[in-house]
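1. mind looking at a prediction? Sequence and model below.
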Amino acid sequence: MASAAAGRADTFPKLLLRNARERGARVAFRHKDLGIWQSWTWAEVAEQVRAYAKGFEQLGLKRGEKVAIIGYNRPRLYWSMAAAQWLGAIPVPVYADSVADEMAYVLDHAGAVFACVQDQEQVDKVLSVIERLPALRHMLYDEPRGLRDYDHAKLHDIGNVIEAGRAALKDTTVSAAHDREMEQGASDDLAIILYTSGTTGRPKGVMLTHFNVITAAEIGCSFDGLNENDEIIAYLPIAWVGDHVFSYAQAIIAGFCVNCPEGPETVVDDRREIGTTYAFAPPRVFETMLTLTMVRMEDAGPLMRKVFNYFLGVAKQHGEKILNGESVPLSARLLYKLGDIIIYAPLRNRFGLTNIKVGYTAGEAIGPELFRFYRSIGVNLKQLYGQTEAGVYITMQPDGEIKADTVGKPAPQVEIKIADNGEVLYRSPSIFRGYYKDDEKTAETMTEDGYVRSGDAGFFDESGHLKIIDRAKDVGKLNSGELFPPKYIENKLKFYPNIKEVVAFGQGRDYATVALNIDLTAVGNWAERNNVVYASYQELAGHPQVYEMMAKHVDEVNRSLAAEPMMGGAQIKRFLILHKELDADDGELTRTQKVRRGFIAERYAPLVEALYNGSTQADISTEVTFEDGRKGVISATVKVADAKVYPVSSLATKEAA
Amino acid sequence: MNAHSMTVAGEPVTHKGEVLLSVDNVSLRFGGVKAISDVSFDIRKGEIRAIIGPNGAGKTSMLNCINGFYHPQEGRITYKGLRRAKVRPHQAAAAGIARTFQNVALFKGMSTLDNIMTGRTLKMRKGFFWQALRHGPAMDEEIEHRKVVEDIIDFLQIQHIRKLPVGKLPYGLQKRVELGRALAMEPELLLLDEPMAGMNLEEKEDMCRFILDVNNQFGTTIALIEHDMGVVMDLSDRVVVLEYGRKIADGTPAEVKADQRVIDAYLGVAH
């Protein structure tokens, strides 16, 4: 079961040099800067990384030490990882948008001795907690702006570090020794520590070796036939395992080009300019793209709208079948072809998906409507189920076997079994080596026979596809003994484009309720077209017409829950629309934008109480945290609305409206 | 090959350097209304100088005098050691004085890029004919200017709105574009008229950061009018306070804050 690369290039620096030899003139990285795509070939990248590693060494970096990497997707931050690995040091990427306190925890826990950061903002953030980081010796930055007057005793421009390294490497003995240092790296060495965002408690450091990451990346590359001609855009947090495997590991293994956008706001345009062939994104990204398009279509002329809607109908009917290679009547094929010319192809172009070979969505369940939409217009979108502890891949959907409500079959080399409590357990060569400095948690997560507890509840359907219901510990019971799967309910509601977040309550209660967040873009546009005046998010959220709209959605969800025998008891009896958007800065969402149910229930306790005591409104004031860590208070009166509950189709319960 | 680092204009910033501009005994009247009476102060090279005061104190009139939009009846304004006769705004601009306005004055139908590009007009050397042809030397020149403009776009972090018409942008961003246009002139003295008016907290903080960075990176001298006292105290090296057209205080933020006349002017005093 050994990796194909073992024995040869078995670490990332070695693979990088292999690329420089075998495809030295091909473009490895692009970064859009000053409005122009700047590019670097594999040969250039290898040279930069080599010099950078020497620069690190001159600053005193040693084997086994940790290097924190903080920032958005910049070539030099990826190179920082490779340069650290060159010396046998271990990169620890950190979420760039973490607040200083979270960052301090990770840096301190990892014992980072160096921090490579993007810009002044991150430098300031680290400096603000510097007294909590006794191990930190040097900080390096990519973007010098604003940092001129800072004390540079322990602060360095990455460019200068590379330059210094390059100068030192002019000496041939030094140069040879430097390469020997790299050769010492072995596939069993730790390659990276990825801190999971943690739906509960403090983040945990997942340790992955070169062997783990290379194996995981090879699984993905061979499954979808990735090669050096592929183009991807790197825009997801570098601390997320998805980005690490996708934009770093797979790029180095398959030799394809990684494109770094100008900034987080320009991703859509940049993606369009590049025309990526392979994409990996959480459902949110696809959702936002679609919402924006739909919102714009609302403003289009009536004829245009009519044509658009007609052909979307055609796509809905036949598009997926055509993509799956099923038989479709010739007339439908011709109609679809016409639709492709006037609607689908331009749409794909808009989304920057013209050249897409395969796109993955992961991280969260994707709405079936949304999923089918992309497939119906000819984008080969697939789902995968993965975890940091697995080095990403657990299950994937093979071509031609794609279903909206499952996450596919076990990925190559992965074994899965379902525990008695419904929890999904998996084992593969790429699973992690434990949590950094937390043997207790590691022991809790690993079974004795080498399986990892995923923490998710799921089951295999009749065709062997895995279906995930919820976090194992979250699937609860109502007082009536009925099953209460909060995420399942939340996702059903979240699939409406005008609902952004949902939190479901019901564990140990008499019935299920939800708190909603409206999507400001979608609802704001609706308000504009319907002459609904509002001054703030809060006002729009409390608008009676918005409540009506949401009531309709809740009603539809109740109908669909009632139609599913096991879920009928979990119909939503009451709901409310929250007066503020849930925000990671306030601790209500994790950094990967998942809701933290328990925390929210505590924070909005008066509202939750109102959902259950029958009152029609409740007062609430909440503390909010601004990006710089200062705090303010928002107060509001939130209305609570009732929803209709349907008789369950099966004979299981008598809960009637 | 990585063009990250911005070119820094001039030598290191020497705070509180020699006097760049001095205003001596300036008075400005509109008919019988005295907008400014007998005000003197100076602006030194490389500093951030704030002009504050209650509404109608004559702050904007003062800026208008400095950039030649108004001509004071009495007193003199000396810029870079030269006493100015009647200067027109475009002459002031050519001499290195750029400004932004209290109410945004951009070309609403043009893109962010084009708006900032207009800031380069004074630096264009080729004539109208070549520009219209957009070939040969004019093209080279345009590329050169575009590079400067792109540096500014990067600096102000407005890449995502590069191609959008500014009329569609939120107010905070329009203000940023306006700052960008002023910067495109590579000014020595930058006059900002309430750069943070009408902004929310986050936008204000961004703008503060940009103003400090402009001062720090390019060594640009900045004179700004601002009402947010917190901002003024944090940003500026020295503050001059006007009330009813007269100067009532001048000094460091701490000095000004402690000045009894300033406190009276802001809090009101029984007459």
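-> Received the coordinates, thanks. Residues are numbered from 1 along each chain as shown, chains lettered A, B, ... in the order given.

2. output the host helix or strand of A:Ala345 in CSV, but only the C-alpha positions, please.
-> Using DSSP states H and E, A:Ala345 maps to helix A:345-351. Extracted C-alpha coordinates of helix A:345-351, given in CSV (Å, rounded to 0.1, in the frame of the first residue of the first chain):
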residue,chain,number,x,y,z
ALA,A,345,-22.1,28.6,-22.0
PRO,A,346,-22.3,32.4,-21.2
LEU,A,347,-23.3,31.5,-17.6
ARG,A,348,-20.4,29.1,-17.2
ASN,A,349,-18.2,31.9,-18.5
ARG,A,350,-19.6,34.3,-16.0
PHE,A,351,-18.9,31.8,-13.2
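
3. immediately after it, which helix or strand?
-> Once the chain leaves helix A:345-351, the next helix or strand it forms, by DSSP H and E, is strand A:358-361.

4. return the distance of the helix holding A:Ala345 from the chain's centre.
-> 23 Å (Cα atoms, centre = their mean, to the nearest Å).

5. which SS state does A:Glu462 fall under?
-> coil (DSSP: H, G, I helix; E, B strand; the rest coil).

6. count the neighbours of it for me.
-> Neighbour count of A:Glu462, defined by other Cβ atoms under 10 Å in any protein chain shown: 5. Backbone N, C-alpha and C define where each C-beta goes, glycine included.

7. just to revisit the earlier point, average pLDDT for the helix holding A:Ala345?
-> Averaging pLDDT along helix A:345-351 yields 91.

8. for the closest residue to chain B within the stretch 201-350 of chain A, give me its contacts.
-> Here the residue of the stretch 201-350 of chain A nearest chain B is A:Glu265; by Cβ to the nearest Cβ that distance is 3.5 Å. For A:Glu265, the contact set (Cβ atoms under 8 Å, 6 or more residues apart in numbering or on different chains) comprises B:159-160.

9. ok, back up a step: buried residues, the helix holding A:Ala345. List them.
-> A:347-348, A:351 (16 or more other Cβ atoms under 10 Å in any protein chain shown).

10. wasn't the residue of the stretch 201-350 of chain A closest to chain B part of a strand?
-> No. Read with three-state DSSP, A:Glu265 is helix and lies in no strand.

11. how close does it get to A:Glu556?
-> Remark: distance between A:Glu265 and A:Glu556 (Cβ to Cβ, to the nearest Å) = 34 Å.

12. check A:Gly506 too.
-> Distance from A:Gly506 to A:Glu556, by Cβ to Cβ: 19 Å.

13. look at these two and report which has more neighbours.
-> Comparing A:Gly506 with A:Glu556 by neighbour count (other Cβ under 10 Å), the higher total belongs to A:Gly506, at 26 against 13.

14. so what's the more buried one up against?
-> A:476, A:478, A:484, A:486, A:512-513, A:570.

15. now do it, the pLDDT please.
-> Reading off the model, A:Gly506 has pLDDT 89.

16. next: the one 10 residues further on.
-> Predicted confidence (pLDDT) at A:Leu516: the value is 92.

17. what about it, how many residues nearby?
-> Neighbours of A:Leu516 (other Cβ under 10 Å): 25.

18. repeat for the one 10 residues further on
-> Applying other Cβ under 10 Å, we find 19 other residues in the vicinity of A:Trp526.

19. that one reaches A:Ile518, doesn't it?
-> No. At 9.6 Å, A:Trp526 does not count as touching A:Ile518 under the criterion of Cβ atoms under 8 Å.

20. shared neighbours, the two?
-> A:Asn498.

21. buried residues, stretch A:157-169. List them.
-> A:157-159, A:161-162, A:164-166, A:168-169.

22. so what's A:Gly275 closest to, chain neighbours aside?
-> Nearest non-adjacent residue to A:Gly275, counting by Cβ to Cβ, 6 or more residues apart in numbering or on different chains: A:Asn355, 4.3 Å away.

23. was I right about that neighbour contacting A:Thr276?
-> Yes. The criterion here is Cβ under 8 Å, and A:Asn355 meets it with A:Thr276 at 6.8 Å.

24. could you list the residues in contact with the helix holding A:Ala345?
-> Residues contacting helix A:345-351 (Cβ under 8 Å, 6+ apart): A:268, A:271-272, A:289, A:293, A:354, A:356, A:377-379.

25. pLDDT weak spots in the stretch 1-150 of chain B?
-> For the stretch 1-150 of chain B, applying pLDDT under 70 flags the ranges B:1-16.

26. quickly find the element holding the residue of it found nearest chain A.
-> Minimum separation of the stretch 1-150 of chain B from chain A (Cβ to the nearest Cβ) falls at B:Glu150, amounting to 3.9 Å. Element membership for B:Glu150 (DSSP H and E) is helix B:137-155.

27. who does that helix touch, helix- and strand-wise?
-> Contacts defined by 3 or more Cβ pairs under 8 Å, 6 or more residues apart in numbering or on different chains; DSSP states H and E place helix B:137-155 against helix B:112-118, helix B:128-133, helix B:171-184, helix B:201-218.

28. the longest one: which residues count as buried?
-> Judged by neighbour count using 16+ other Cβ under 10 Å, the buried positions of helix B:201-218 are B:203-208, B:210-218.

29. the inter-axis angle of it versus helix B:137-155?
-> With axes from the mean of the first three to the mean of the last three Cα atoms, to 10 degrees defining the directions, helix B:201-218 sits at 130 degrees from helix B:137-155.

30. ok and helix B:201-218 relative to helix B:171-184, angle-wise?
-> 10 degrees.

31. state the mean pLDDT of helix B:201-218.
-> 88.

32. so does it get close to chain A?
-> Yes. Applying Cβ under 8 Å from any Cβ of the partner chain, one finds helix B:201-218 touching chain A at B:201-202, B:205, B:209, B:212-213, B:216-217.

33. any idea which element the residue nearest the centre of chain B lies in?
-> Nearest to the mean C-alpha position of chain B, by Cα atoms, centre = their mean, lies B:Leu191 at 2.1 Å. In this assignment (DSSP H and E), B:Leu191 forms part of strand B:189-193.

34. which other helices and strands contact that strand?
-> helix B:59-66, strand B:97-100, helix B:171-184, strand B:221-225.

35. redo that, cut-off 6 Å
-> helix B:59-66, strand B:97-100, strand B:221-225 (3 or more Cβ pairs under 6 Å, 6 or more residues apart in numbering or on different chains; DSSP states H and E).

36. Serialize these to CSV and add fields for mean neighbour count.
-> What follows is the helices and strands packed on strand B:189-193, written out as CSV (neighbours: other Cβ atoms under 10 Å in any protein chain shown):
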stretch, mean neighbour count
helix B:59-66, 23
strand B:97-100, 24
strand B:221-225, 24
